[in-house]
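In: sequence first, predicted coordinates after that:
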Amino acid sequence: MTTAPVKDQRRLLDLQALDTRAAKLAHQRRSLPVLATLAELEGRAEDLHRAQIEAKTLASDTRRELTKAEADVEQVRSRAVRHQAKLDAGAGLSRELVALQTEVAQLAQRQGVLEEVELEIMERLEAAEVRVADLDMQERAVAADVDRHTADRDAQFATLDAEMAEVRAEREKVAGDIDAELLDLYEYARRRTGGLGAVALRGRRTEGAQVDFSLSELAAIDAAGPDEVLTSEEHGYVLVRLDEGQ
């Protein structure tokens, strides 16, 4: 049978209140709404980053395509200019001049086709560059939101961490005043239940947790001396007896 001074047993309720507060603070820290907001923003930022890579790749490929199209147009244009110069000079046989006239006409037609291709590529490049600029603007906006919410999160963390530090300091002080064997019983119960180690008992009624007592437990409660430490059979809670008026 474990015994401990009544004052130590009742101090367990103070310790339990501190441990409950610490658990609530830890849960609050893990479940701050700003954390979900940040996770959503970070996911959005990743999506935008991937889209931006694709958009920049498309713009770069289209820019190279335009450079080639411009070169094709310039090549045809230069050839046409040289042939036209020969025609204007009237140098060569009439048969050669006729052939040059035919080729100049063909080159003009070819140049028109290539210029249409060039224009279509330019339009696609413009659209690709607009897409890159739009995604860049969205990325900057999301980054600003991330920074703002990160600052908010850190401020809330600081507040909660300061309160947690106070709770831990007070817990250390309270635990240091409690009988070691009694404290071990309390910690054992907390490990078994995931956090609850001591329950207030007024007569046969518990507070803080519903405990159904067996007949043998009720008999033990009625017969126990003030210093005797009572524990519940099912969960191992330390049952801290209080007067009805307390």
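Out: Structure's in. What do you need?

In: phi and psi next, for residue 242.
Out: phi -130, psi 150 (degrees, to the nearest 10).

In: try residue 177
Out: Dihedral angles (degrees, to the nearest 10) for residue 177: phi -100, psi 0.

In: confirm for me that residue 220 is in contact with residue 229.
Out: No: contact criterion CB atoms under 8 Å: residue 220 and residue 229 do not qualify, at 11.2 Å. Any C-beta I mention is one placed from the backbone N, CA and C, and that applies to glycine too.

In: ok, these two, which is more surrounded?
Out: residue 229 (21 against 17; other CB atoms under 10 Å).

In: show me what contacts the more buried one?
Out: 1-4, 9, 182, 185, 238 (CB atoms under 8 Å, 6 or more residues apart in numbering).

In: host element of the residue nearest to the spatial centre of the chain?
Out: Among the residues of the chain, the one closest to the centroid is residue 39, at 2.3 Å (CA atoms, centre = their mean). When elements are assigned from DSSP states H and E, residue 39 belongs to helix 33-89.

In: and if you look at residue 220?
Out: Per DSSP H and E: helix 215-223 holds residue 220.

In: kindly report the domain assignment for this structure.
Out: Here the domain parsing of the chain from automatic domain parsing is 6-26+179-242, 32-169.

In: looking at those, which is buried most?
Out: domain 6-26+179-242 (a mean of 16; mean count of other CB atoms under 10 Å).

In: about what we covered before: so how far is the helix holding residue 220 off the chain centroid?
Out: Taking the mean of its C-alpha atoms, helix 215-223 sits 53 Å from the chain's own mean (CA atoms, centre = their mean, to the nearest Å).

In: contact partners of that helix?
Out: With CB under 8 Å, 6+ apart, helix 215-223 has contacts from 201, 204, 213, 230, 232-233, 239, 241.

In: for those, work out which two are farthest apart.
Out: 233 and 241 (16.4 Å; CB to CB).

In: wait, doesn't residue 108 sit right on residue 81?
Out: No: judged on CB under 8 Å, residue 108 makes no contact with residue 81 at a distance of 11.1 Å.

In: all strands of the chain, in order?
Out: 198-202, 205-207, 230-231, 238-242 (DSSP state E).
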